[in-house]
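Chemist: structure of the sequence below:
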Amino acid sequence: MIKSMTGFASGKGAFGPHSWNWELRSVNGKGLDLRLRLPDWLTGLEAALRGELSKQVSRGNVTLSLRLSREEAASDIQLNTSAMEAALDALAQAEALAGARGIQLAPSKASDLLALKGMMETGSDADDPAPLVEHLKSEFGGLLSAFLEMRSAEGAALAGILGGQLDQIAKLTDQAAKLAERRREEMEQSLRDNLARVLDNAQGADPERVAQELALIAVKADITEEIDRLVAHVTAARTLLKQDGPVGRKLDFLMQEFNREANTLCSKSQNAELTAVGLELKAVIDQMREQVQNVE
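Modeler: A predicted model of the protein is given here:
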C-alpha cells in the first residue's frame with residue numbers, strides 16, 4: 001500500500017536528571033531531505049538517527065527536533081577550588097596593597113566570593129553522555145513507528161481518493177470510446193459526401209489521389225490509440241497503488257502520460273460531445289496529479 005509524504009509524531013521521556021520532547025514531522029519533497037536539530041554534545045546520536053530515518057523514509061522533507069533539559073540537584077553543585085584559590089590570592093594581595101597605603105578594607109564575606117562568576121559549577125559538564133545517547137536511540141524507535149504509522153494511514157486515504165479518480169477516468173475513457181465509434185460512422189458518411197462533391201467540381205482530378213487525402217484526414221482524426229493508451233495507463237496506475245514501497249515518482253510520470261493522451265484526444269475530437277468528455281478528462285487528471293504529489 002502506498003504511503004503519504006505527510007506525517008507527524010511527538011513524544012517525551014526522561015533519563016536520570018534529563019528530560020526531553022521529540023517532534024518528527026514531514027511534508028512533500030522531490031527527494032529525501034533530512035533536517036535534524038539535536039544537541040551537539042550528544043556524540044553519535046545524529047548519525048544513528050539519520051541512518052534509521054534513511055532506511056525507513058524514501059521521500060519528503062523530514063524534520064526531527066529534540067529539546068533536552070536537565071534538572072540540577074543540589075549535590076551537582078560544586079565549588080571551583082581553583083577559582084576560589086585565585087580569588088583568595090587576589091583578595092590577600094588587595095588587602096596588602098591597601099594596608100601599605102594605610103587604607104582599611106571592609107572584611108570580606110564568603111557569600112561575596114561565592115557570588116563571583118565561575119566560583120560554583122555543576123557536575124553536568126563532567127557527565128558521560130554515552131548512556132543518555134543509548135537511551136535516546138532505543139526510545140527513538142517508538143517515535144519513528146508512530147510517524148510511519150501516520151504516513152501509512154495518510155497513504156491509505158490517498159489510495160482511496162486516487163482509486164476513485166481512476167474510476168472516473170476509466171468511465172470517461174469508455175464514454176470517449178463510444179462517442180468516437182459513433183463519430184466514425186458520421187465521419188465516413190461525411191467523407192463520402194465530400195469526396196463526391198470534390199469529384200463533381202474538380203475537372204481532371206485523380207479520384208484515387210483525392211480518396212487518399214480524405215483517408216489521411218480520417219486517420220489523423222482517429223483516437224483509437226489514445227483510448228487504448230488511456231485504458232493501459234489506468235491499469236498501470238491501479239497496479240502501482242497496490243504496491244508496497246515508494247511509487248510516487250512512477251505515478252507522477254504516469255500522470256504526464258495521462259495528460260498527454262487527453263490533450264491529443266481533445267485536439268482530434270472534431271465533435272462537441274467528445275471535446276466535452278476530453279476536457280472533463282483533463283480536469284480529473286489534473287486533480288489526480290495534485291494528489292499524486294503527496295505520495296512517497
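Chemist: can we go C-alpha only for contacts and neighbour counts from here?
Modeler: Will do.
Chemist: next up, the contacts around residue 144.
Modeler: Residues near residue 144 by CA atoms under 8 Å, 6 or more residues apart in numbering: 9, 24, 53.
Chemist: and the residues you listed, which of them are in helices?
Modeler: Taking DSSP state H, the ones among those that sit in helices are residue 53.
Chemist: filter the contacts of residue 144 to the buried ones?
Modeler: 9, 24 (16 or more other CA atoms under 10 Å).
Chemist: mind putting the contacts of residue 144 into CSV with pLDDT?
Modeler: Listed next are these as CSV, based on pLDDT from 0 to 100:
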residue, pLDDT
9, 97
24, 98
53, 97
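Chemist: what about residue 148, distance to residue 81?
Modeler: 51 Å (CA to CA, to the nearest Å).
Chemist: and those two? which has more neighbours close in?
Modeler: residue 148 (21 against 12; other CA atoms under 10 Å).
Chemist: now the residue lying farthest from the centre of the chain, what are its backbone angles?
Modeler: Using CA atoms, centre = their mean, the residue of the chain lying farthest from its centre is residue 102. It sits 77.0 Å away. When read as degrees, to the nearest 10, the backbone of residue 102 gives phi 80, psi 20.
Chemist: with residue 22 instead?
Modeler: With angles defined as degrees, to the nearest 10, residue 22 shows backbone torsions of phi -100, psi 150.
Chemist: correct me if wrong: residue 42 contacts residue 128.
Modeler: No: assessed by CA atoms under 8 Å, residue 42 is found out of contact with residue 128, at 9.5 Å.
Chemist: more neighbours: those two, which one.
Modeler: residue 42 (15 against 10).
Chemist: surely the more buried one forms part of a strand?
Modeler: No: counting by DSSP: H, G, I helix; E, B strand; the rest coil, residue 42 is not part of a strand but coil.
Chemist: so it versus residue 110, what's the distance?
Modeler: Separation of residue 42 from residue 110 (CA to CA): 36 Å.
Chemist: am I right that residue 36 sits in a strand?
Modeler: Yes: Residue 36: assigned to a strand according to three-state DSSP.
Chemist: which residue ranges of the protein form strands?
Modeler: 7-15, 18-27, 32-37, 60-70, 77-79, 120-122 (DSSP state E).
Chemist: quick one: closest of the ones you listed to residue 153.
Modeler: Within these, the stretch nearest residue 153 is strand 7-15; the backing value is 9.3 Å (CA to CA).
Chemist: what's the weakest-modelled helix or strand in this protein?
Modeler: Every helix and strand in the chain was compared by mean pLDDT, DSSP states H and E; the lowest is helix 207-221, with a mean of 58.
Chemist: what number of residues lie near residue 96?
Modeler: Counted with other CA under 10 Å, residues neighbouring residue 96 total 15.
Chemist: residues touching it, list them.
Modeler: No contacts exist for residue 96 under CA under 8 Å, 6+ apart.
Chemist: domain parsing for the chain?
Modeler: 7-72+130-151, 81-118, 153-292 (automatic domain parsing).
Chemist: now distance to residue 1 too, for those domains, in a markdown table please.
Modeler: What follows is the domains of the chain, written out as a markdown table (distance: least, CA to CA, whole Å):
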| stretch | distance to residue 1 |
| --- | --- |
| domain 7-72+130-151 | 11 |
| domain 81-118 | 59 |
| domain 153-292 | 5 |
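Chemist: against residue 35, how distant is residue 133?
Modeler: 19 Å.
Chemist: neighbour count: these two, which is higher?
Modeler: The neighbour comparison of residue 133 against residue 35 (other CA under 10 Å) goes to residue 133, with 18 against 14.
Chemist: now the helices for this protein?
Modeler: Going by DSSP H, the chain shows helices at 45-56, 81-100, 110-114, 130-201, 207-221, 224-241, 248-268, 272-292.
Chemist: distance to residue 2 added to those helices, as a markdown table?
Modeler: Formatted as a markdown table, the helices of the chain follow (distance: least, CA to CA, whole Å):
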| stretch | distance to residue 2 |
| --- | --- |
| helix 45-56 | 13 |
| helix 81-100 | 62 |
| helix 110-114 | 63 |
| helix 130-201 | 5 |
| helix 207-221 | 38 |
| helix 224-241 | 6 |
| helix 248-268 | 8 |
| helix 272-292 | 10 |
